[in-house]
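Chemist: Predicted coordinates and the sequence they were generated for:
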Amino acid sequence: KNENLALPVGITLDRFIMRNQEAFQFASGELSQLLRDIALASKILNREINRAGLADVTGLLGSQNVQGEAQQKLDVIADIRFLRALKNGGEVCAIISEEEPEIILTGNNHAKYVIAIDPLDGSSNIDSNVSIGTIFSIFRRKTPIGSVPSLKDCIQRGDEQVAAGYILYGSSTILVYTTGKGVNGFTYDNSLGEYFLSHPQMQVNQEGTIFSCNEGNFYDFPECIQEYLTECKQKRYAGRYIGSLVGDFHRNLLKGGVYLYPPTRHNPDGKLRLLYECLPLAFIIEQAGGKASDGKQRILEIQPQNLHQRSPLYIGSSSMVEAIEECCKEMD
Ligand code: AHM
Ligand code: MG
């Protein structure tokens, strides 16, 4: 599936992107440049995150984002950093961000890509020094090049993604992405300011033994999910939950497991956003040999209706996601 077998571990992200461009002839190199713009913005944000405790940038800013949740200062900073890098980079005609209510038109009407971004996911964890992440998803625009982009460029099905990735600001910082030819991970070397290929051709185990969800909501989950979780416990699977999607997802990708955010009484469509969180991670997990479902259908086949819609998410090792779908079907 992955045609980069010849690439040695330890090459830089820039070189990797360049070699891929040569190998697959991304027509004009615009996608390569866009990926480099994202990597650069992530380095800047990584610096801000690392010194967050010192620079008085933690804590609440006092404003709320479009979903009515309190915005943290670093959320705002991350949003600004990524939007600026993406606008200046010139490779996207429109941006949608989890932090912004409407489409952002970049003015680059000749650019052929649009991007969806969650600039800083899991930000309620910042103050406690726990891992946080950036998630992104890239689509080819639908409207003609040169015209002003519209909503239909931004609400495409997940199976139309051209690329998707995340950056996990954890005990080390890692950038993981796919352009539909496998998944590769690059660890950041702070002292050199470079990402290096550390996790080539990532694959998730088909069977896993980790389940990750907010069990505090157990009695608000649908019965089928309660049943599945009970089975996990009967089998003595490990419960692991950071409450930071990128961190939970990344661990399960490496070790084999499933992440669940089911519907709850409070959030009947779950909590996670389809466009900024579910679609990009679904693309990545499928490229790594795993599955992503909303309980009824493949996440990548959902036709989004609006920018900030939510979806239940079950994602990870394929046999675990299948078992959840089976439970949901039986209980229907
Ligand atoms: P955010 O986008 O406001 O940061 O919320 C998303 C986060 C995910 O990172 C995490 O998996 C989930 O919310 C945790 O939710 P909960 O606190 O309900 O378990
Ligand atoms: Mg988020």
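Modeler: Sure thing, it's come through. These figures come from a predicted structure and were not determined experimentally. Ligands and ions are numbered 1, 2, ... in the order given.

Chemist: Make sure residue 184 is actually in contact with residue 19.
Modeler: No: between residue 184 and residue 19 there is no contact under C-beta atoms under 8 Å: 11.5 Å. In short, each C-beta sits where N, CA and C put it, glycine included.

Chemist: ok, the two, which is more surrounded?
Modeler: Taking other C-beta atoms under 10 Å, residue 184 and residue 19 do not tie; residue 184 has more neighbours (24 against 14).

Chemist: OK, contacts around that one?
Modeler: 2, 4, 16, 176, 177, 178, 197, 199, 200, 201, 202 (C-beta atoms under 8 Å, 6 or more residues apart in numbering).

Chemist: rerun that using 6 Å as the cut-off
Modeler: Applying C-beta atoms under 6 Å, 6 or more residues apart in numbering to residue 184 gives the contacts residue 200.

Chemist: Can you get me the centre-to-centre distance for the strand or helix carrying it and its chain?
Modeler: Per DSSP states H and E, residue 184 falls inside strand 183-189. Here the centre of strand 183-189 is set off from its chain's centre by 15 Å, with C-alpha atoms, centre = their mean, to the nearest Å.

Chemist: can I get the CA coordinates of that strand in PDB?
Modeler: Output of strand 183-189 as PDB, limited to C-alpha atoms (Å, rounded to 0.1, in the frame of the first residue of the first chain):
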ATOM      1  CA  VAL A 183       0.700   6.700   7.300                       C
ATOM      2  CA  ASN A 184       4.000   8.100   8.500                       C
ATOM      3  CA  GLY A 185       5.100   9.700  11.700                       C
ATOM      4  CA  PHE A 186       7.900  12.300  12.200                       C
ATOM      5  CA  THR A 187       9.300  13.100  15.600                       C
ATOM      6  CA  TYR A 188      10.500  16.600  16.300                       C
ATOM      7  CA  ASP A 189      14.100  17.300  17.400                       C
END
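
Chemist: mind listing the strands for the stretch 201-332 of the chain?
Modeler: Using DSSP state E, counting those that start in this stretch, the strands assigned to the stretch 201-332 of the chain run over residues 210-212, 238-239, 258-261, 291-293, 313-316.

Chemist: can you check the stretch 1-150 of the chain too?
Modeler: Under DSSP E, counting those that start in this stretch, the stretch 1-150 of the chain gives strands at 60-64, 70-72, 92-97, 104-105, 113-121, 132-140.

Chemist: circling back to that earlier point, out of the strands of the stretch 201-332 of the chain, deepest packed?
Modeler: Most buried of the strands of the stretch 201-332 of the chain by mean neighbour count (mean count of other C-beta atoms under 10 Å) is strand 313-316; its value is a mean of 30.

Chemist: quick check: mean pLDDT across it?
Modeler: Averaging pLDDT along strand 313-316 yields 98.

Chemist: again, but for stretch 161-176
Modeler: 97.

Chemist: hang on, the earlier thing: out of the strands of the stretch 1-150 of the chain, which is closest to ligand 1?
Modeler: Closest of the strands of the stretch 1-150 of the chain to ligand 1 is strand 113-121, at 4.7 Å (criterion: C-beta to the nearest ligand atom).

Chemist: between that closest one and strand 92-97, how many degrees?
Modeler: Between strand 113-121 and strand 92-97, the angle comes out at 30 degrees (axes from the mean of the first three to the mean of the last three C-alpha atoms, to 10 degrees).

Chemist: so how far is strand 113-121 off the chain centroid?
Modeler: 8 Å.

Chemist: Just the CA coordinates for it, please, in PDB.
Modeler: The C-alpha coordinates for strand 113-121 follow below in PDB (Å, rounded to 0.1, in the frame of the first residue of the first chain):
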ATOM      1  CA  TYR A 113      -7.100  23.300  -1.700                       C
ATOM      2  CA  VAL A 114      -9.300  23.900   1.400                       C
ATOM      3  CA  ILE A 115      -8.300  22.900   4.900                       C
ATOM      4  CA  ALA A 116     -10.300  22.000   8.100                       C
ATOM      5  CA  ILE A 117      -8.300  22.400  11.300                       C
ATOM      6  CA  ASP A 118      -8.700  22.000  15.000                       C
ATOM      7  CA  PRO A 119      -5.700  24.100  16.000                       C
ATOM      8  CA  LEU A 120      -5.500  22.900  19.600                       C
ATOM      9  CA  ASP A 121      -7.500  19.900  20.600                       C
END
